[in-house]
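S.K.: Return a 3D structure for these sequence lines:
(one chain, ligands or ions: 2)
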Amino acid sequence: MPAAQGTFPGRPARPAEGAAGRLSPTVNFALRIGFYCVLCLVCSALAAVACLLVNGGRTVKNMRIIRAVVRTFKYFFGLRFEVKGLENFKVEGPAIIVSNHQSVLDMMGLMEVLPDNCVQVGKKELMYMGSVGLIIYLGGVIFINRKSTSSAKMVMSEVAKTMVAENVKVWVYPEGTRNCTGDLLPFKKGAFHLAIQAQVPVIPVVYSSFTSFYNPKTKLFTSGKIKVEVLPPIETKGLTPDDVTDLTDRCFSTMRETLFRLSGRPSQAKDSS
Ligand SMILES: CCCCCCCCCCCCCC(=O)SCCNC(=O)CCNC(=O)[C@H](O)C(C)(C)COP(=O)(O)OP(=O)(O)OC[C@H]1O[C@@H](n2cnc3c(N)ncnc32)[C@H](O)[C@@H]1OP(=O)(O)O
Ligand SMILES: CCCCCCCC/C=C\CCCCCCCC(=O)OC[C@@H](O)COP(=O)(O)O
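M.R.: Numbers count the residues shown, from 1 in each chain. Ligands and ions are numbered 1, 2, ... in the order given. Sure thing, here's the model as predicted:
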(Lines give C-alpha, C1' and ligand atoms only; values in the text may rest on other atoms or scores of the structure.)
(Ligands and ions follow the chains in the order given, each with its own letter.)
Protein backbone atom coordinates (compact mmCIF):
# COMPACT_ATOMS: atom_id res chain seq x y z
CA MET A 1 0.00 0.00 0.00
CA PRO A 2 1.35 3.43 -0.87
CA ALA A 3 1.84 5.84 1.97
CA ALA A 4 0.47 8.59 -0.32
CA GLN A 5 1.76 11.39 1.87
CA GLY A 6 3.57 13.46 -0.75
CA THR A 7 2.14 16.54 -2.49
CA PHE A 8 2.69 17.09 -6.21
CA PRO A 9 4.87 20.16 -6.54
CA GLY A 10 3.47 23.23 -8.26
CA ARG A 11 -0.22 22.91 -7.41
CA PRO A 12 -2.35 23.01 -4.27
CA ALA A 13 -3.55 19.75 -2.69
CA ARG A 14 -7.21 18.78 -3.20
CA PRO A 15 -9.33 17.11 -0.51
CA ALA A 16 -9.51 13.70 -2.18
CA GLU A 17 -8.13 12.38 -5.45
CA GLY A 18 -7.77 9.10 -7.29
CA ALA A 19 -5.23 6.43 -6.42
CA ALA A 20 -2.74 7.97 -8.84
CA GLY A 21 -2.84 11.34 -7.08
CA ARG A 22 -2.64 12.43 -3.46
CA LEU A 23 -5.25 10.79 -1.24
CA SER A 24 -6.92 12.66 1.58
CA PRO A 25 -5.73 11.48 4.99
CA THR A 26 -9.15 9.94 5.71
CA VAL A 27 -9.17 7.90 2.49
CA ASN A 28 -5.54 6.89 2.95
CA PHE A 29 -6.22 5.81 6.55
CA ALA A 30 -9.36 3.86 5.62
CA LEU A 31 -7.58 2.09 2.75
CA ARG A 32 -4.59 1.11 4.84
CA ILE A 33 -6.63 -0.08 7.85
CA GLY A 34 -9.06 -1.85 5.51
CA PHE A 35 -6.15 -3.58 3.81
CA TYR A 36 -4.73 -4.57 7.22
CA CYS A 37 -8.06 -6.15 8.20
CA VAL A 38 -8.36 -8.03 4.90
CA LEU A 39 -4.77 -9.21 5.22
CA CYS A 40 -5.46 -10.44 8.77
CA LEU A 41 -8.66 -12.22 7.72
CA VAL A 42 -7.14 -13.90 4.65
CA CYS A 43 -3.85 -14.86 6.32
CA SER A 44 -5.68 -16.15 9.40
CA ALA A 45 -7.79 -18.45 7.24
CA LEU A 46 -4.70 -19.79 5.45
CA ALA A 47 -2.72 -20.09 8.69
CA ALA A 48 -5.64 -21.92 10.33
CA VAL A 49 -5.47 -24.60 7.65
CA ALA A 50 -1.70 -24.91 8.16
CA CYS A 51 -2.13 -25.10 11.96
CA LEU A 52 -4.76 -27.83 11.68
CA LEU A 53 -2.67 -29.85 9.23
CA VAL A 54 0.61 -29.49 11.16
CA ASN A 55 -0.50 -29.53 14.80
CA GLY A 56 -4.06 -30.86 14.65
CA GLY A 57 -5.84 -28.36 16.92
CA ARG A 58 -5.50 -25.69 19.65
CA THR A 59 -1.88 -25.58 20.86
CA VAL A 60 0.79 -22.99 21.63
CA LYS A 61 2.92 -24.64 18.91
CA ASN A 62 0.64 -22.94 16.37
CA MET A 63 2.06 -19.58 17.48
CA ARG A 64 5.19 -20.36 15.46
CA ILE A 65 3.11 -20.55 12.30
CA ILE A 66 1.13 -17.41 13.20
CA ARG A 67 4.36 -15.57 14.03
CA ALA A 68 5.95 -16.48 10.70
CA VAL A 69 2.90 -15.24 8.80
CA VAL A 70 2.38 -11.98 10.73
CA ARG A 71 6.10 -11.09 10.52
CA THR A 72 5.64 -10.48 6.78
CA PHE A 73 2.93 -7.83 7.31
CA LYS A 74 5.34 -5.01 8.14
CA TYR A 75 6.62 -4.93 4.57
CA PHE A 76 3.14 -4.03 3.25
CA PHE A 77 2.96 -0.98 5.53
CA GLY A 78 6.55 0.26 5.43
CA LEU A 79 7.04 -0.44 9.13
CA ARG A 80 10.50 -1.14 10.56
CA PHE A 81 11.28 -2.59 13.97
CA GLU A 82 14.49 -1.92 15.85
CA VAL A 83 14.64 -4.51 18.63
CA LYS A 84 16.93 -4.53 21.68
CA GLY A 85 17.19 -6.84 24.71
CA LEU A 86 15.90 -10.10 23.19
CA GLU A 87 18.36 -11.93 25.47
CA ASN A 88 16.11 -10.96 28.41
CA PHE A 89 13.55 -13.50 27.21
CA LYS A 90 16.03 -16.29 27.90
CA VAL A 91 14.88 -16.95 31.46
CA GLU A 92 14.55 -20.53 32.63
CA GLY A 93 10.93 -21.65 32.58
CA PRO A 94 7.72 -19.65 32.49
CA ALA A 95 7.34 -15.88 32.84
CA ILE A 96 4.78 -13.10 32.50
CA ILE A 97 5.51 -10.65 29.72
CA VAL A 98 3.86 -7.23 29.98
CA SER A 99 3.82 -4.62 27.22
CA ASN A 100 2.15 -1.38 26.17
CA HIS A 101 -0.84 -1.67 23.81
CA GLN A 102 -1.41 1.12 21.29
CA SER A 103 -3.41 -0.27 18.39
CA VAL A 104 -4.59 -3.30 16.42
CA LEU A 105 -1.26 -2.87 14.61
CA ASP A 106 0.44 -4.15 17.79
CA MET A 107 0.02 -7.70 16.53
CA MET A 108 2.95 -7.00 14.14
CA GLY A 109 5.19 -5.81 16.99
CA LEU A 110 4.06 -8.69 19.17
CA MET A 111 5.01 -11.30 16.58
CA GLU A 112 8.31 -9.52 15.84
CA VAL A 113 9.66 -10.50 19.27
CA LEU A 114 7.33 -13.29 20.48
CA PRO A 115 9.37 -16.04 22.19
CA ASP A 116 8.51 -19.72 21.73
CA ASN A 117 5.86 -21.25 24.02
CA CYS A 118 4.14 -17.96 24.71
CA VAL A 119 0.39 -17.24 24.65
CA GLN A 120 -1.44 -13.97 25.11
CA VAL A 121 -4.36 -12.97 27.30
CA GLY A 122 -7.11 -11.49 25.11
CA LYS A 123 -10.66 -10.21 25.47
CA LYS A 124 -13.23 -12.90 24.60
CA GLU A 125 -14.82 -10.70 21.90
CA LEU A 126 -11.78 -11.46 19.68
CA MET A 127 -13.13 -14.98 19.24
CA TYR A 128 -15.98 -13.61 17.11
CA MET A 129 -13.77 -11.95 14.46
CA GLY A 130 -14.22 -14.70 11.87
CA SER A 131 -10.99 -16.35 10.75
CA VAL A 132 -8.97 -14.04 13.03
CA GLY A 133 -10.94 -15.43 15.99
CA LEU A 134 -10.26 -18.94 14.78
CA ILE A 135 -6.49 -18.43 14.47
CA ILE A 136 -6.33 -16.75 17.87
CA TYR A 137 -8.21 -19.72 19.33
CA LEU A 138 -5.92 -22.22 17.60
CA GLY A 139 -2.86 -20.35 18.89
CA GLY A 140 -3.95 -21.01 22.47
CA VAL A 141 -4.84 -17.42 23.45
CA ILE A 142 -6.39 -17.25 26.93
CA PHE A 143 -9.76 -15.54 26.70
CA ILE A 144 -11.08 -13.38 29.53
CA ASN A 145 -14.41 -11.70 30.06
CA ARG A 146 -13.58 -8.10 30.96
CA LYS A 147 -17.19 -7.52 32.01
CA SER A 148 -16.90 -10.04 34.84
CA THR A 149 -14.04 -9.48 37.28
CA SER A 150 -14.73 -12.74 39.12
CA SER A 151 -14.62 -14.89 35.99
CA ALA A 152 -11.50 -13.04 34.70
CA LYS A 153 -9.79 -13.65 38.04
CA MET A 154 -10.80 -17.31 37.98
CA VAL A 155 -9.31 -17.77 34.49
CA MET A 156 -6.10 -16.02 35.58
CA SER A 157 -5.75 -18.25 38.68
CA GLU A 158 -6.12 -21.31 36.49
CA VAL A 159 -3.43 -19.91 34.17
CA ALA A 160 -1.08 -19.50 37.16
CA LYS A 161 -1.22 -23.27 37.64
CA THR A 162 -1.09 -24.41 34.02
CA MET A 163 1.68 -22.05 32.89
CA VAL A 164 4.06 -23.57 35.40
CA ALA A 165 2.97 -27.16 34.69
CA GLU A 166 3.26 -26.64 30.94
CA ASN A 167 6.27 -24.27 30.94
CA VAL A 168 4.47 -21.54 29.04
CA LYS A 169 5.11 -17.79 29.03
CA VAL A 170 2.03 -15.53 29.16
CA TRP A 171 1.86 -12.13 27.43
CA VAL A 172 -0.48 -9.60 29.05
CA TYR A 173 -1.33 -6.03 28.05
CA PRO A 174 -1.69 -4.56 31.57
CA GLU A 175 -3.37 -1.37 30.32
CA GLY A 176 -6.30 -3.68 29.48
CA THR A 177 -7.23 -1.76 26.32
CA ARG A 178 -5.66 0.07 23.37
CA ASN A 179 -4.18 3.48 24.08
CA CYS A 180 -2.49 5.52 21.34
CA THR A 181 -1.74 8.74 23.24
CA GLY A 182 2.02 8.27 23.56
CA ASP A 183 1.65 7.60 27.29
CA LEU A 184 0.57 4.62 29.42
CA LEU A 185 -2.84 4.09 31.02
CA PRO A 186 -2.76 3.03 34.68
CA PHE A 187 -1.98 -0.69 34.87
CA LYS A 188 -4.54 -3.29 35.88
CA LYS A 189 -3.15 -5.74 38.37
CA GLY A 190 -4.12 -9.11 36.84
CA ALA A 191 -0.68 -9.77 35.31
CA PHE A 192 1.09 -9.04 38.59
CA HIS A 193 -1.25 -11.21 40.68
CA LEU A 194 -0.58 -13.93 38.14
CA ALA A 195 3.22 -13.52 38.36
CA ILE A 196 3.19 -13.65 42.15
CA GLN A 197 0.75 -16.58 42.30
CA ALA A 198 2.95 -18.56 39.90
CA GLN A 199 6.19 -17.14 41.43
CA VAL A 200 7.55 -16.39 37.96
CA PRO A 201 9.45 -13.30 36.72
CA VAL A 202 7.83 -10.36 34.94
CA ILE A 203 9.51 -9.29 31.71
CA PRO A 204 8.48 -5.82 30.51
CA VAL A 205 8.51 -5.07 26.77
CA VAL A 206 8.13 -1.49 25.56
CA TYR A 207 7.23 -0.26 22.08
CA SER A 208 7.97 3.38 21.17
CA SER A 209 5.00 5.64 20.58
CA PHE A 210 3.21 5.23 17.24
CA THR A 211 1.99 8.85 17.28
CA SER A 212 4.50 10.06 14.67
CA PHE A 213 3.11 7.70 12.01
CA TYR A 214 -0.25 6.40 13.33
CA ASN A 215 -3.11 8.33 14.87
CA PRO A 216 -6.70 7.19 14.32
CA LYS A 217 -8.07 10.54 15.51
CA THR A 218 -6.21 12.58 12.88
CA LYS A 219 -6.39 9.73 10.34
CA LEU A 220 -2.62 9.49 10.15
CA PHE A 221 -1.13 6.21 8.97
CA THR A 222 2.19 6.32 7.15
CA SER A 223 5.33 4.22 7.16
CA GLY A 224 7.46 4.45 10.29
CA LYS A 225 10.03 3.00 12.64
CA ILE A 226 9.14 1.33 15.95
CA LYS A 227 11.77 0.86 18.63
CA VAL A 228 11.23 -2.18 20.87
CA GLU A 229 13.05 -2.89 24.09
CA VAL A 230 12.79 -6.10 26.11
CA LEU A 231 13.75 -5.11 29.67
CA PRO A 232 15.49 -7.31 32.25
CA PRO A 233 13.21 -9.74 34.14
CA ILE A 234 11.85 -8.64 37.51
CA GLU A 235 11.95 -11.54 39.95
CA THR A 236 8.88 -12.36 42.09
CA LYS A 237 10.25 -15.30 44.12
CA GLY A 238 9.18 -14.86 47.75
CA LEU A 239 6.73 -12.03 46.97
CA THR A 240 3.21 -12.33 48.42
CA PRO A 241 -0.18 -10.84 47.40
CA ASP A 242 0.69 -7.85 49.61
CA ASP A 243 3.47 -6.98 47.13
CA VAL A 244 1.20 -6.80 44.05
CA THR A 245 0.74 -3.03 44.18
CA ASP A 246 4.48 -2.38 44.59
CA LEU A 247 5.33 -4.73 41.74
CA THR A 248 2.70 -3.09 39.52
CA ASP A 249 4.02 0.41 40.31
CA ARG A 250 7.60 -0.65 39.73
CA CYS A 251 6.81 -2.09 36.29
CA PHE A 252 4.70 0.93 35.40
CA SER A 253 7.47 3.44 36.22
CA THR A 254 10.17 1.45 34.42
CA MET A 255 7.99 1.01 31.34
CA ARG A 256 6.84 4.65 31.26
CA GLU A 257 10.40 5.88 31.53
CA THR A 258 11.45 3.52 28.73
CA LEU A 259 8.45 4.53 26.58
CA PHE A 260 9.42 8.22 26.78
CA ARG A 261 13.08 7.48 26.15
CA LEU A 262 12.31 5.33 23.09
CA SER A 263 9.84 7.92 21.79
CA GLY A 264 12.33 10.79 22.15
CA ARG A 265 10.58 12.42 25.11
CA PRO A 266 13.18 11.96 27.90
CA SER A 267 12.34 15.23 29.65
CA GLN A 268 8.81 14.03 30.38
CA ALA A 269 9.87 10.71 31.90
CA LYS A 270 9.25 11.92 35.42
CA ASP A 271 6.17 13.94 34.54
CA SER A 272 2.97 12.34 35.84
CA SER A 273 0.60 14.32 33.55
C1 LIG B 1 -3.30 -12.78 11.52
C2 LIG B 1 -3.78 -12.22 12.73
C3 LIG B 1 -3.17 -12.84 13.91
C4 LIG B 1 -3.47 -12.22 15.19
C5 LIG B 1 -2.40 -12.54 16.19
C6 LIG B 1 -2.88 -13.24 17.41
C7 LIG B 1 -2.30 -12.80 18.68
C8 LIG B 1 -3.38 -12.58 19.69
C9 LIG B 1 -3.14 -11.42 20.52
C10 LIG B 1 -4.31 -11.09 21.36
C11 LIG B 1 -4.12 -9.78 21.99
C12 LIG B 1 -5.31 -9.37 22.74
C13 LIG B 1 -5.13 -8.12 23.49
C14 LIG B 1 -6.31 -7.84 24.36
O15 LIG B 1 -7.36 -8.35 24.19
S16 LIG B 1 -6.06 -6.66 25.61
C17 LIG B 1 -7.54 -6.77 26.58
C18 LIG B 1 -7.61 -7.94 27.46
N19 LIG B 1 -6.53 -8.06 28.39
C20 LIG B 1 -6.58 -7.57 29.65
O21 LIG B 1 -7.54 -6.94 30.05
C22 LIG B 1 -5.40 -7.85 30.55
C23 LIG B 1 -5.22 -6.85 31.62
N24 LIG B 1 -6.30 -6.87 32.58
C25 LIG B 1 -6.18 -7.34 33.88
O26 LIG B 1 -5.13 -7.83 34.22
C27 LIG B 1 -7.36 -7.17 34.82
O28 LIG B 1 -6.88 -6.97 36.11
C29 LIG B 1 -8.37 -8.37 34.83
C30 LIG B 1 -8.89 -8.60 33.40
C31 LIG B 1 -7.75 -9.65 35.37
C32 LIG B 1 -9.57 -7.97 35.74
O33 LIG B 1 -10.02 -6.76 35.29
P34 LIG B 1 -11.23 -5.95 35.95
O35 LIG B 1 -11.32 -4.65 35.28
O36 LIG B 1 -12.44 -6.83 35.95
O37 LIG B 1 -10.81 -5.76 37.46
P38 LIG B 1 -9.58 -4.92 38.06
O39 LIG B 1 -8.37 -5.04 37.24
O40 LIG B 1 -10.06 -3.55 38.42
O41 LIG B 1 -9.34 -5.74 39.42
C42 LIG B 1 -10.31 -5.78 40.45
C43 LIG B 1 -9.64 -6.28 41.72
O44 LIG B 1 -9.21 -7.65 41.53
C45 LIG B 1 -7.83 -7.78 41.77
N46 LIG B 1 -7.32 -8.82 40.87
C47 LIG B 1 -7.13 -8.75 39.54
N48 LIG B 1 -6.68 -9.93 39.08
C49 LIG B 1 -6.58 -10.75 40.14
C50 LIG B 1 -6.15 -12.08 40.30
N51 LIG B 1 -5.73 -12.83 39.25
N52 LIG B 1 -6.19 -12.60 41.54
C53 LIG B 1 -6.58 -11.89 42.60
N54 LIG B 1 -7.01 -10.63 42.50
C55 LIG B 1 -7.00 -10.07 41.29
C56 LIG B 1 -7.25 -6.40 41.52
O57 LIG B 1 -6.03 -6.21 42.23
C58 LIG B 1 -8.36 -5.49 42.02
O59 LIG B 1 -8.31 -5.42 43.43
P60 LIG B 1 -7.71 -4.12 44.15
O61 LIG B 1 -6.26 -4.06 43.83
O62 LIG B 1 -8.46 -2.94 43.62
O63 LIG B 1 -7.96 -4.38 45.60
C1 LIG C 1 -17.65 -12.92 10.66
C2 LIG C 1 -17.12 -11.79 11.46
C3 LIG C 1 -16.18 -10.93 10.69
C4 LIG C 1 -15.53 -9.93 11.60
C5 LIG C 1 -14.57 -9.09 10.83
C6 LIG C 1 -13.55 -8.51 11.74
C7 LIG C 1 -12.53 -7.80 10.92
C8 LIG C 1 -11.32 -7.48 11.73
C9 LIG C 1 -10.19 -8.13 11.12
C10 LIG C 1 -8.96 -7.95 11.46
C11 LIG C 1 -8.49 -7.05 12.50
C12 LIG C 1 -7.17 -7.52 12.97
C13 LIG C 1 -7.19 -7.69 14.42
C14 LIG C 1 -5.99 -8.41 14.92
C15 LIG C 1 -6.13 -8.74 16.37
C16 LIG C 1 -6.17 -7.48 17.20
C17 LIG C 1 -6.16 -7.70 18.68
C18 LIG C 1 -6.41 -6.39 19.32
O19 LIG C 1 -5.65 -5.45 19.21
O20 LIG C 1 -7.53 -6.34 20.05
C21 LIG C 1 -7.84 -5.18 20.76
C22 LIG C 1 -7.85 -5.51 22.22
O23 LIG C 1 -6.58 -5.86 22.59
C24 LIG C 1 -8.29 -4.37 23.10
O25 LIG C 1 -9.53 -3.99 22.68
P26 LIG C 1 -10.14 -2.56 23.07
O27 LIG C 1 -9.10 -1.50 22.77
O28 LIG C 1 -10.48 -2.56 24.53
O29 LIG C 1 -11.35 -2.47 22.21
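
S.K.: quick one, what contacts the spatially most central residue of the chain?
M.R.: Centrality entry for the chain: nearest residue to the mean C-alpha point is Asp106, 4.0 Å, by C-alpha atoms, centre = their mean. Asp106 makes contacts with 173, 178, 207, as judged by C-beta atoms under 8 Å, 6 or more residues apart in numbering. Yep, even glycine has a C-beta here, placed from its N, CA and C like the rest.

S.K.: Show me what the lengthiest helix in the chain is packed against.
M.R.: If you go by DSSP state H, the chain has its longest helix at helix 25-55. In terms of contacts (3 or more C-beta pairs under 8 Å, 6 or more residues apart in numbering; DSSP states H and E), helix 25-55 is packed against helix 62-70, helix 73-77, helix 131-138, strand 220-221.

S.K.: can you redo the ones you listed as CSV with mean pLDDT, distance to ligand 1 and mean neighbour count?
M.R.: Putting these into CSV (pLDDT from 0 to 100; distance: least, C-beta to the nearest ligand atom, whole Å; neighbours: other C-beta atoms under 10 Å) gives the following:
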stretch, mean pLDDT, distance to ligand 1, mean neighbour count
helix 62-70, 98, 5, 20
helix 73-77, 98, 8, 16
helix 131-138, 98, 5, 21
strand 220-221, 96, 18, 22
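
S.K.: of all the ones you listed, which lies closest to Gln102?
M.R.: Among the helices and strands packed on helix 25-55, strand 220-221 comes nearest to Gln102, with 12.5 Å by C-beta to C-beta.

S.K.: Could you identify the helix or strand that succeeds that closest one?
M.R.: Downstream of strand 220-221, the first helix or strand assigned by DSSP states H and E is strand 224-230.

S.K.: Contact residues of the stretch 101-250 of the chain facing ligand 2?
M.R.: For the stretch 101-250 of the chain, the contact set with ligand 2 under C-beta under 6 Å from any ligand atom comprises 101, 104, 106-107, 123, 126, 129-130, 132, 177-178.

S.K.: Only whichever of those residues are buried, select them in PyMOL.
M.R.: The buried residues among those can be selected in PyMOL (16 or more other C-beta atoms under 10 Å) with this line:
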select buried, resi 101+106+107+123+132
